[in-house]
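Colleague: with the sequence up front, the predicted model follows.
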Amino acid sequence: MDRETKDAYAWVLQCTIDATGIIPKVFITDADPGMDLAIRLKYSSTFPIHCIWHIGQNLPLRLKSKLGGLFDQFKKDFYECRNSLKQEIFEHRWANLLINYPNAANYLEKFLYPSKCSLARAFSVMIFTIDIQTTSRCESVNATFKNLLQNSNNTLVDIFFTIEERLEEE
């Protein structure tokens with residue numbers, strides 16, 4: 001997709017509904033705000049989960065320079081908070097993150113806390129997810145397709161057979 005906007009995502013989700021007639025119970029994303037809005041619009045009964053791998057990739061980008069030598073301990077405390085199984089414990093640990101890491105507070109409050117139901121296990125523990133918390137399987141398939149399409153020596157037949165082999169492996 002060349003435009004990652006709410007409208008573009010909503011169009012894709014609507015096409016999926018039109019093609020399959022299925023609205024998923026759970027949808028795991030990379031926490032893109034446009035996708036979050038599109039899910040609420042088109043899949044209103046779907047429970048969105050933010051991929052913990054993507055969140056983990058953003059933490060050092062957003063906070064390592066702000067926290068310096070405290071970053072490793074912050075990361076440990078963040079995951080302990082995120083993995084809490086009870087909402088009260090999550091909220092208590094979240095408050096401690098804000099107190100113990102004031103330089104991270106802006107990012108935590110503005111970007112992560114508003115989506116706490118999608119990122120914290122305490123809010124999804126009663127949702128049937130088979131404990132899947134990442135988009136890694138999809139990312140792996142995307143990487144395969146991207147490599148195929150970027151190689152100008154591949155014919156359409158080569159691409160078809162490689163995709164077919166990949167699907168059979170699944």
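Modeller: Perfect, thanks for sending it. Residues are numbered from 1 along each chain as shown.

Colleague: which parts of this structure are helices?
Modeller: 6-20, 33-42, 52-67, 71-82, 87-100, 105-107, 116-119, 121-124, 136-150, 156-169 (DSSP state H).

Colleague: mind listing what's buried in the fourth one?
Modeller: This means helix 71-82. Residues of helix 71-82 classed as buried under the neighbour-count rule (16 or more other C-beta atoms under 10 Å) are 71, 74, 75, 77, 78, 81, 82. In short, each C-beta sits where N, CA and C put it, glycine included.

Colleague: make CSV out of those and add distance to residue 156 and pLDDT.
Modeller: As requested, the buried residues of helix 71-82 are arranged in CSV below (distance: C-beta to C-beta, whole Å; pLDDT from 0 to 100):
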residue, distance to residue 156, pLDDT
71, 47, 97
74, 49, 98
75, 45, 96
77, 51, 98
78, 46, 96
81, 49, 97
82, 44, 92
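
Colleague: okay, these in TSV with distance to residue 25 next?
Modeller: Supplementary listing: the buried residues of helix 71-82 in TSV, determined by distance: C-beta to C-beta, whole Å:
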residue	distance to residue 25
71	36
74	33
75	31
77	31
78	27
81	26
82	22
